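Student: here is a sequence with its predicted model. Questions after.
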Amino acid sequence: MTRTSTYLTRFFTLFICLIIPLYFAFRGPTSFSNIASLLSTLSQHNITFTSSLPTSPSSISKAPAKISNEPTPPIGTFKAKQQTQYSSLPDGLAHCINSFEQYPSVASQIIQRKHTRFSKQTPSQKALSHQLNYPSHFSKARQGIEKNTQLSRLIAQIGRETYHTGPHSLDYDGDAEYGVVDEAFGHLSRDWSTQGAEERNAVFKTVTPTRATTT
């Protein structure tokens, strides 16, 4: 019996010191990523379990514990889950919808940064700025953001309804990008607004007759 116990101890030591390192060497970084995901999941289960424990021994119930029959969710990184969830969307669409939804916040941050730099001007620079009525640009910009927000939210809503994304967040593809919305609004202004009539005529004047003859 003692010899058997010794063999088991030696086999366990060999398994820990030799077999597992060889397994990592063959599997490469993928195995470490899987182990990191497993440890993260176990840590979350531990936090959930410990937070549900009673604060004092006297409050421990004598009723038998109920075993949940719910299946354990698959192990994987959050990014992989989100990418799988929205993999059916056209490339870049989730990022665009998120950019339109976050437009008021991102645009306001840009104005705030510019205003901060403006406030650090020297007295002579500020005097010249006031002569040019430059501070009024900030109030006009904020008013423009409020109006643009109505359109940006409508575009994002139409995108969600068209592609059936549901109410879930679509920011897995990175932070919201101001340039996406700014470029879209620039095209809308050029193509449809009275302010863009001059540019519109310069761009499409030579194209329109050709298109009319080919249709």
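Tutor: Here it is on my side, so go on. Bear in mind that the values here come from a model prediction, so they are computed numbers and not experimental data.

Student: please report how far Ser136 lies from Arg142.
Tutor: As defined by C-beta to C-beta, to the nearest Å, Ser136 lies at a distance of 11 Å from Arg142. (C-beta placed from N, C-alpha, C; glycine too.)

Student: domain map for the chain?
Tutor: With domains defined by automatic domain parsing, the chain comprises 1-47, 89-214.

Student: and Lys147, what element?
Tutor: Using DSSP states H and E, Lys147 falls within helix 136-163.

Student: packing partners of that helix?
Tutor: Applying 3 or more C-beta pairs under 8 Å, 6 or more residues apart in numbering; DSSP states H and E, one finds that helix 136-163 contacts helix 93-101, helix 103-119, helix 178-192.

Student: list the helices and strands the longest one packs on?
Tutor: The one in question is helix 103-119. Here helix 103-119 touches helix 136-163, helix 178-192, going by 3+ C-beta pairs under 8 Å, 6+ apart.

Student: and the closest residue to Tyr178 other than its chain neighbours, how many neighbours?
Tutor: Among residues not flanking Tyr178 along the chain, Val106 sits closest, at 4.7 Å (C-beta to C-beta, 6 or more residues apart in numbering). Neighbours of Val106 under the rule other C-beta atoms under 10 Å: 18.

Student: quick one, what contacts Val106?
Tutor: Neighbouring residues of Val106 by C-beta atoms under 8 Å, 6 or more residues apart in numbering: Ser99, Ala176, Glu177, Tyr178, Val181.

Student: closest one to Lys126 among the helices and strands packed on helix 103-119?
Tutor: With C-beta to C-beta, the closest approach to Lys126 among the helices and strands packed on helix 103-119 belongs to helix 136-163: 13.4 Å.

Student: okay, and for this protein, where does confidence drop off?
Tutor: Across the chain, the ranges flagged by pLDDT under 70 are 1-88, 171-174, 209-215.

Student: which of Ser136 and Arg142 has more neighbours?
Tutor: The neighbour count for Ser136 versus Arg142, taken as other C-beta under 10 Å, is higher for Arg142 (14 against 10).

Student: extract the C-alpha set from stretch 142-149 and format it as PDB.
Tutor: Provided in PDB are the C-alpha atoms of stretch 142-149 (Å, rounded to 0.1, in the frame of the first residue of the first chain):
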ATOM      1  CA  ARG A 142     -23.200  74.100 -28.900                       C
ATOM      2  CA  GLN A 143     -26.500  75.100 -30.600                       C
ATOM      3  CA  GLY A 144     -25.500  73.300 -33.700                       C
ATOM      4  CA  ILE A 145     -24.700  70.200 -31.700                       C
ATOM      5  CA  GLU A 146     -28.200  70.200 -30.100                       C
ATOM      6  CA  LYS A 147     -29.800  70.400 -33.600                       C
ATOM      7  CA  ASN A 148     -27.400  67.800 -35.100                       C
ATOM      8  CA  THR A 149     -28.200  65.400 -32.200                       C
END
